[in-house]
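Novice: Structure of the sequence below:
(chains A, B, C and D)
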Protein chains: 2
Amino acid sequence: MNKLPIGGCLHCKAKSDIFDHLSEEELSRVESCRVSMHYRAGEIVFKQGSPCYDFVCITSGLVKLYIEGENDRRLIIGFVKPVDYIFVPGAYVDKRHHYTAVACEDTSACLVETEVLQNLVKTNPEFANSFIKKISSQAISLITQIASVTQKQIPGRMADTLIYLSTKVYNSNPFITSLSRQDLADLSGMTKESAIRVLKTFKDDELIVIRGDEIELLNIPMLETISRNG
Amino acid sequence: MNKLPIGGCLHCKAKSDIFDHLSEEELSRVESCRVSMHYRAGEIVFKQGSPCYDFVCITSGLVKLYIEGENDRRLIIGFVKPVDYIFVPGAYVDKRHHYTAVACEDTSACLVETEVLQNLVKTNPEFANSFIKKISSQAISLITQIASVTQKQIPGRMADTLIYLSTKVYNSNPFITSLSRQDLADLSGMTKESAIRVLKTFKDDELIVIRGDEIELLNIPMLETISRNG
DNA sequence: ATTATTTATTGATTTAAATCATCACTCTGA
DNA sequence: TCAGAGTGATGATTTAAATCAATAAATAAT
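Specialist: The predicted model follows:
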């Protein structure tokens, strides 16, 4: 299950900007407690409500983060892709996970004890600064999503989802995705059936085209209009 | 309009834990650029989309934070009460406000340049730590609210709102509130009419009683059950 | 005191979206 | 090669909640 990545933390350093400001010594502190993990598609990385001991940094694959409701509804609040770490707000508050992380594809990750990173925050001001920047960005994402999900109706929400996937997650158009219709629904705050139906209207209106795992946005300006009008 | 509070930052220090770890010198740096403001009920402190120059610390009164949608819908994402500062995620990202802050009652506040606080984060590790703790808490609040608003129906959402107001904002039961029905609706992600209707059913079922500006929760366990069942 | 204006309340109607039910299709493993 | 599971697709029905409409109460303004 465990597979050590080539190059260790110095390798990651080149990619995740948050580690840019760490000294060799600090990086080796991270390295020394680092645990390398591999998750298969569908496996849980951590579960909402469980105690959090580690920060998780994704080195390959893709992870979805979702809130589990009382009934078995889910709301996907974001994705984490290489090389980035999963923000764990509970690490500083109640030592609990507030959402569940699941691998969408086969995924490799490095685990680092929360205490080690928290000490780096205290000893390295630049690191602290990057850290706050990351948290702030995630807070803004949450605000954006809460606005979309609560104030728009189904077509607007799905338009938001498609634009988000293309511009923020896959950074391409068309993009190939491993997400199911249920995932698209969970990301847009609707049922699977509603997701399928609205995607069909988008296809009929030639706003998008779907070929198997590939989604192409054909008319982004119109999708943006639909997003704006809710 | 401006009214200097007695005692300056040393006074605030005693109340807002985030300033606990600042030295006299650091506090005087804050003091030197501090601007004291007063807002009347209903006045805007800052508006979504506007550039952010200052951190705002509330010294008296009450401020609501809300997201403005495309139509003129609002979603209240939280309140800030004395003595606490308003978290401004854009300060570290795009220098824009991502929600609007409005005084619910007559409110006094201290404004401090974002740069000054950001420098403190860089030079004072303990301050950085408190800062991250605050941001994390707010992120958790957002997650809690997004879960409530997207996965529960009207009675569950209103139950959440009432419990939130009693336990987190007013810290009492009964509590006296200056919030309108529209505010309660904006906080629960529903229309004013729906808010009125569900409050009426709560009154009829003797879960709550409303006397003018005062709301009393009579049956908190039942409200919690309603919250849990959505 | 009286009008005007906002806020609260209630009922009737419409509508968006969930739910329910069924069927097709793909993929997996026996 | 075929059962069985999971996913995708559609139609019919129900339901929650918004909208629309009208009135009442409370607050502010003259």
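Novice: Neighbouring strands of the helix or strand A:Val102 falls within in the sheet, and parallel or not?
Specialist: Assigned by DSSP states H and E, A:Val102 belongs to strand A:100-103. Strand pairing for strand A:100-103, using DSSP bridges, gives strand A:44-46 (antiparallel), strand A:63-68 (antiparallel).
Novice: residues touching the residue most central in space within chain A, list them.
Specialist: Among the residues of chain A, the one closest to the centroid is A:Phe79, at 1.6 Å (C-alpha atoms, centre = their mean). Taking C-beta atoms under 8 Å, 6 or more residues apart in numbering or on different chains, we find A:Phe79 in contact with A:Leu62, A:Val63, A:Lys64, A:Leu65, A:Cys104, A:Val169. The way it works is simple: take the backbone N, C-alpha and C, and place the C-beta from them, glycine included.
Novice: Pick the most buried one from the strands paired with strand A:100-103.
Specialist: Of those, the one with the most neighbours on average (mean count of other C-beta atoms under 10 Å in any protein chain shown) is strand A:63-68, at a mean of 21.
Novice: The very next helix or strand once past that one near DNA strand C anywhere?
Specialist: Counting by DSSP H and E, the next helix or strand C-terminal to strand A:63-68 is strand A:74-80. No - Strand A:74-80 lies out of reach of DNA strand C by C-beta under 7 Å from any atom of the strand, never closer than 11.1 Å.
Novice: and the strands paired with strand A:100-103 as a markdown table, adding mean pLDDT and distance to B:Ile143?
Specialist: Shown next, in a markdown table, are the strands paired with strand A:100-103 (pLDDT from 0 to 100; distance: least, C-beta to C-beta, whole Å):
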| stretch | mean pLDDT | distance to B:Ile143 |
| --- | --- | --- |
| strand A:44-46 | 94 | 15 |
| strand A:63-68 | 95 | 6 |
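Novice: and B:Glu216, which of these is closest to it?
Specialist: B:Glu216 lies closest to strand A:63-68 among the strands paired with strand A:100-103, at 31.0 Å (C-beta to C-beta).
Novice: Taking their axis directions, that closest one and strand A:74-80 sit at what angle?
Specialist: Strand A:63-68 runs at 150 degrees relative to strand A:74-80, counting by axes from the mean of the first three to the mean of the last three C-alpha atoms, to 10 degrees.
Novice: Ignoring the adjacent residues along the chain, who's closest to A:Ile146?
Specialist: Nearest residue to A:Ile146 in three dimensions, chain neighbours excluded: B:Ile146, at 4.8 Å (C-beta to C-beta, 6 or more residues apart in numbering or on different chains).
Novice: Look up how far chain B lies from A:Thr150.
Specialist: Here A:Thr150 is placed at a distance of 5 Å from chain B (C-beta to the nearest C-beta, to the nearest Å).
Novice: Residue for residue, what is the longest helix chain A has?
Specialist: As assigned by DSSP state H, the longest helix anywhere in chain A is helix A:125-151.
Novice: From the contact counts, what lies against that helix?
Specialist: Applying 3 or more C-beta pairs under 8 Å, 6 or more residues apart in numbering or on different chains; DSSP states H and E, we find helix A:125-151 packed against strand A:74-80, helix A:114-123, helix A:154-164, strand B:63-68, strand B:74-80, helix B:114-123, helix B:125-151.
Novice: A:Ile215 contacts A:Ile208, doesn't it?
Specialist: Yes - between A:Ile215 and A:Ile208 there is a contact under C-beta atoms under 8 Å: 6.3 Å.
Novice: who touches both of these two?
Specialist: A:Leu162.
Novice: hang on, the earlier thing: can you put the strands paired with strand A:100-103 in a markdown table and add distance to DNA strand C?
Specialist: Listed next are the strands paired with strand A:100-103 as a markdown table, based on distance: least, C-beta to the nearest atom of the strand, whole Å:
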| stretch | distance to DNA strand C |
| --- | --- |
| strand A:44-46 | 19 |
| strand A:63-68 | 15 |
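Novice: can you list the ones you listed in JSON lines and add distance to B:Phe46?
Specialist: Listed next are those as JSON lines, based on distance: least, C-beta to C-beta, whole Å:
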{"stretch": "strand A:44-46", "distance to B:Phe46": "36"}
{"stretch": "strand A:63-68", "distance to B:Phe46": "29"}
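Novice: Would you mind saying which of the ones you listed lies nearest DNA strand D?
Specialist: Smallest distance to DNA strand D across the strands paired with strand A:100-103 (C-beta to the nearest atom of the strand): 13.0 Å, for strand A:63-68.
Novice: Just give me how far stretch A:128-147 sits from the chain centre.
Specialist: Mean-position distance between stretch A:128-147 and its chain equals 12 Å (C-alpha atoms, centre = their mean, to the nearest Å).
Novice: wait, does that stretch make contact with DNA strand D?
Specialist: No - Stretch A:128-147 does not reach DNA strand D (C-beta under 7 Å from any atom of the strand); its nearest approach is 14.7 Å.
Novice: Any stretches of chain A with poor pLDDT?
Specialist: For chain A, applying pLDDT under 70 flags the ranges A:1-7, A:12-15, A:230.
Novice: one more time with 50
Specialist: For chain A, the stretches flagged by pLDDT under 50 are A:1-3.
Novice: domain ranges for it?
Specialist: A:8-136, A:152-229 (automatic domain parsing).
Novice: what about A:Asn173, which helix or strand?
Specialist: Secondary structure from DSSP H and E places A:Asn173 outside every helix and strand.
Novice: Can you give me the neighbour number for it?
Specialist: A:Asn173 has 16 neighbours, counted by other C-beta atoms under 10 Å in any protein chain shown.
Novice: hang on, it packs against A:Glu216?
Specialist: Yes - with contact defined as C-beta under 8 Å, A:Asn173 reaches A:Glu216; the gap is 6.3 Å.
Novice: May I have the beta-bridge partners of the residue nearest to A:Val169 when sequence neighbours are not counted?
Specialist: Of all residues not flanking A:Val169 in the chain, A:Phe79 sits nearest, at 5.0 Å (C-beta to C-beta, 6+ apart). Judged by DSSP bridges, the bridge partners of A:Phe79 are A:Lys64.
Novice: No further questions, thank you.
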